[in-house]
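Visitor: 3D model of this:
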Amino acid sequence: MTSKKWFISCIALLLAALVTVGGMVFFVDPFFHYRAPNKALFYRLYDQRSQNDGITKHFDYDAIITGTSMAENFKASQFEELFGVKTIKVVYSGATYKETNDNLKVSYESGHDPKYVVKPLDYSLLVRDKDELRLDMGEYPEYLTNSNPFDDVKYLFNKDVFLRYTLRSLLWYFQGKDGGYTSFDEYSNTSDEHVYGKDYVLVGRKKFKNPKQVLNVTDEEYEMVLGNVRQNVVEIAKEHPETTFIYFFPPYSMVYFGELRENGELSKMIRYKQAAIEEMLECENIHIYSFSLHTDITADLDRYRDVAHYDSMVNEDIIELIYECESGLSAENAGISDRITNENKDEYYRAEEELLLNFDYNQLVG
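Guide: Residues are numbered from 1 along each chain as shown. Now for the predicted structure:
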């Protein structure tokens with residue numbers, strides 16, 4: 001064989017290999033970039049930032065559970081059973097308000113009309129720039145989320161996509177495994193990957209000290225909160241009055257608030273939270289929940305793996321508490337409602353301030 005023929009043969013084999021690989025990825029489409037799942041294949045849901053966009057675009061659903069790791073351990077089946085809607089869970093660990101809100105926009109832009117959106121509003125992400133993205137979580141796969149077809153080469157000829165997802169789905173098919181995909185109860189659920197308990201939350205802490213000084217609200221941070229909430233929480237609700245947006249402040253442990261108090265930042269966070277609530281109360285279709293008064297949860301450190309992350313039973317409690325309020329099952333004499341409204345906000349503010357500012361945080365250590 002001449003060098004010319006050898007070169008042409010190598011190029012032809014390379015092109016054939018590329019076409020085969022790209023064709024297999026296109027056919028299986030493990031990230032649902034082009035279409036809904038092939039019912040004959042089984043898909044492993046595993047990669048949030050790569051698969052969530054396709055799930056949001058192409059799956060069939062009436063409700064969305066989204067947000068950060070505070071929402072990872074929710075069971076979509078529980079929400080479906082209580083609220084009677086088909087539900088997807090598309091969470092982004094560590095995501096800013098903007099990241100999760102951008103994904104919600106995809107839902108409407110792709111022709112969906114969700115009845116409910118459930119989303120936590122993390123305290124740790126409240127005082128952030130409205131356009132901030134978590135670039136430290138790894139490269140964001142813009143080639144999957146933008147409308148540039150030429151970027152698809154990064155998907156179709158991606159080694160990991162081919163080996164870890166495409167071939168696996170095809171292998172399962174030839175092994176006779178039924179089609180489908182990882183359930184939204186299991187997807188992103190990390191409850192079995194961690195250990196929980198007081199020692200992991202306190203990490204050797206022996207005492208909570210009184211603050212050396214109480215820091216004041218700053219104009220810059222206050223405006224940052226307002227910008228973040230207006231753009232990434234309120235605006236989409238105003239654009240889609242047909243959807244009920246269930247936003248909740250997750251029940252971080254009392255250790256988190258004890259640390260804020262020790263650093264002189266607790267009063268600031270309370271004010272910023274109230275500012276966010278005031279913005280959201282302008283929309284009737286935003287239902288605001290907060291669970292900081294539930295010390296049966298937040299002071300029980302055996303339910304946490306660090307100062308913020310709770311176990312899956314707390315996720316179940318949150319859904320139950322929300323359902324009781326949404327369905328009117330909450331008893332009138334059960335105390336202050338977990339849902340904050342224009343009618344009860346002042347009462348809630350007073351109760352929360354009284355609890356968080358005066359709580360004996362050192363009892364958590366004893």
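
Visitor: ok, the residue nearest to the spatial centre of the chain to residue 118 distance?
Guide: Centroid-nearest residue in the chain: residue 67, 1.9 Å away (criterion: C-alpha atoms, centre = their mean). Look at residue 67 and residue 118: by C-beta to C-beta, to the nearest Å, they are 8 Å apart. Heads up, the C-betas are built off the backbone N, CA and C, glycines and all.

Visitor: Then residue 170?
Guide: According to C-beta to C-beta, residue 170 and residue 118 sit 34 Å apart.

Visitor: Which one of the two is surrounded by more residues?
Guide: residue 118 (27 against 14; other C-beta atoms under 10 Å).

Visitor: The more buried one falls within a strand, correct?
Guide: Yes: counting by DSSP: H, G, I helix; E, B strand; the rest coil, residue 118 is part of a strand.

Visitor: Do you have the strands of this structure handy? List them.
Guide: Here the chain has its strands, by DSSP state E, at 42-43, 63-67, 87-91, 116-120, 180-181, 244-249, 286-290, 339-340.

Visitor: The ones you listed: which one's closest to residue 319?
Guide: Closest to residue 319 of those is strand 116-120 (C-beta to C-beta; 8.2 Å).

Visitor: Pull the contacting residues for residue 129.
Guide: 224, 227, 228 (C-beta atoms under 8 Å, 6 or more residues apart in numbering).

Visitor: again with residue 232
Guide: 96, 97, 98, 100, 101, 130.

Visitor: Lowest-scoring secondary structure element of this structure by mean pLDDT?
Guide: Least confident helix or strand of the chain, by mean pLDDT, DSSP states H and E, is helix 3-28 with a mean of 74.

Visitor: returning to what we had before: who does the residue nearest to the centre of the chain form a beta bridge with?
Guide: residue 91 (DSSP bridges).

Visitor: Could you check the pLDDT of it?
Guide: Looking at residue 67, its pLDDT is 97.

Visitor: Go ahead and confirm it touches residue 99.
Guide: No: using C-beta atoms under 8 Å, residue 67 is not in contact with residue 99, being 9.9 Å away.

Visitor: so where's the chain shaky on pLDDT?
Guide: Along the chain, segments meeting pLDDT under 70 span 1-10, 12-14, 16-18, 138, 330-335.

Visitor: if you set the cut-off to 50 instead, what comes out?
Guide: Within the chain, the segments meeting pLDDT under 50 span 332-333.

Visitor: Now do the contacts for the closest residue to residue 30 other than its chain neighbours.
Guide: Counting by C-beta to C-beta, 6 or more residues apart in numbering, residue 165 is the residue found nearest to residue 30 once chain neighbours are left out, at 3.6 Å. Counting by C-beta under 8 Å, 6+ apart, residue 165 touches 28, 30, 31, 43, 44, 46.

Visitor: before we move on, what about residue 240?
Guide: 108, 285.

Visitor: how much space between it and residue 24?
Guide: From residue 240 across to residue 24, the span is 38 Å (C-beta to C-beta).

Visitor: Dump the strands of the chain to a markdown table, plus distance to residue 311.
Guide: Formatted as a markdown table, the strands of the chain follow (distance: least, C-beta to C-beta, whole Å):
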| stretch | distance to residue 311 |
| --- | --- |
| strand 42-43 | 27 |
| strand 63-67 | 17 |
| strand 87-91 | 16 |
| strand 116-120 | 15 |
| strand 180-181 | 25 |
| strand 244-249 | 17 |
| strand 286-290 | 19 |
| strand 339-340 | 23 |
